[in-house]
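# Have a look; sequence and predicted model below, questions after that.
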Amino acid sequence: MSDEHAWVLQAQQGSDEAFTKLVEQHQTHVYNLCYRMLGEPESAEDAAQETFLRAYQNLHRYDQSRPFATWLLSVAAHYCIDQLRRRKLSVFSMDEEHEDGTVFEIADPASPDPEAESVKREERDRLHLLLNDLDDTDRAAVIMRYWYDYSEIEIAESLHLTVSAVKSRLHRSRRALAGMWQDEQPSRARTERRHNESPAF
């Protein structure tokens with residue numbers, strides 16, 4: 001039995017100490033997901049705290065056949081989706097059916113590369129703005145897939161979708177993000193070339 005599994009069992013039996021260990025183990029991942037969903041540090045902190053509160057209150061509902069991290073991040077994603085809907089952010093229909101071969105690759109902003117730190121920070125901020133233009137559920141699916149390496153099945157379970165719906169959402173989200181990113185490129189390309197820098201894509 002892993003330490004985490006033991007902590008979950010103990011927490012389900014009322015051990016606050018065991019639950020504290022679970023919080024310490026997962027708080028960074030939960031905060032990062034909330035930040036990527038909400039785009040604001042303070043909102044992310046509040047959302048992370050609410051996620052752990054809801055997890056504590058619903059531990060009896062946790063299915064131990066699933067990884068605890070998957071269940072916990074699904075709690076976080078659902079809370080963030082609710083928050084975004086309350087904000088009444090723009091929600092778009094991205095039902096583009098034609099194929100044009102557009103590929104959008106999301107680089108992990110946390111990957112170590114000291115020489116490009118400032119560039120990655122700038123691109124991360126731009127990506128947050130682009131993610132804001134996605135449907136809330138699409139945003140959650142993209143973040144789970146490309147930052148947390150969730151499988152399509154895990155995303156479907158977490159967001160209460162079918163696997164085919166997840167595939168469709170990821171496909172149209174990649175296309176939408178690629179289009180929005182490329183729309184910004186012409187104005188940035190001239191500046192980047194002056195500094196002998198390669199385009200982001």
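That came in fine, so what should we check first? Not measured: the values here are computed from a predicted model. Residues are numbered from 1 along each chain as shown.
# Report the buried residues of stretch 21-37.
Within stretch 21-37, the residues that qualify as buried by neighbour count (16 or more other Cβ atoms under 10 Å) are 21-23, 26, 29-37. Just so you know, the C-beta spots here come from the backbone N, C-alpha and C atoms, and that holds for glycine as well.
# same thing with stretch 174-181?
For stretch 174-181, by 16+ other Cβ under 10 Å, it's 174-178, 180-181.
# can you tell me the average pLDDT over it?
For stretch 174-181, mean pLDDT rounds to 82.
# Return it as PDB; C-alpha atoms alone will do.
What follows is the C-alpha trace of stretch 174-181 in PDB, where atoms were taken according to Å, rounded to 0.1, in the frame of the first residue of the first chain:
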ATOM      1  CA  ARG A 174      -6.200  23.100 -30.800                       C
ATOM      2  CA  ARG A 175      -7.500  24.600 -34.100                       C
ATOM      3  CA  ALA A 176      -8.900  27.600 -32.300                       C
ATOM      4  CA  LEU A 177      -5.800  28.300 -30.300                       C
ATOM      5  CA  ALA A 178      -3.600  27.900 -33.300                       C
ATOM      6  CA  GLY A 179      -5.700  30.300 -35.300                       C
ATOM      7  CA  MET A 180      -5.700  32.900 -32.400                       C
ATOM      8  CA  TRP A 181      -1.900  32.500 -31.900                       C
END
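# Return the distance of that stretch from the chain's centre.
Here stretch 174-181 shows a centroid-to-chain-centroid distance of 16 Å under the convention Cα atoms, centre = their mean, to the nearest Å.
# in what helix or strand does H26 lie?
H26 belongs to helix 16-38 when elements are defined using DSSP states H and E.
# How much space separates R169 from E152?
To E152, R169 is 10 Å away according to Cβ to Cβ, to the nearest Å.
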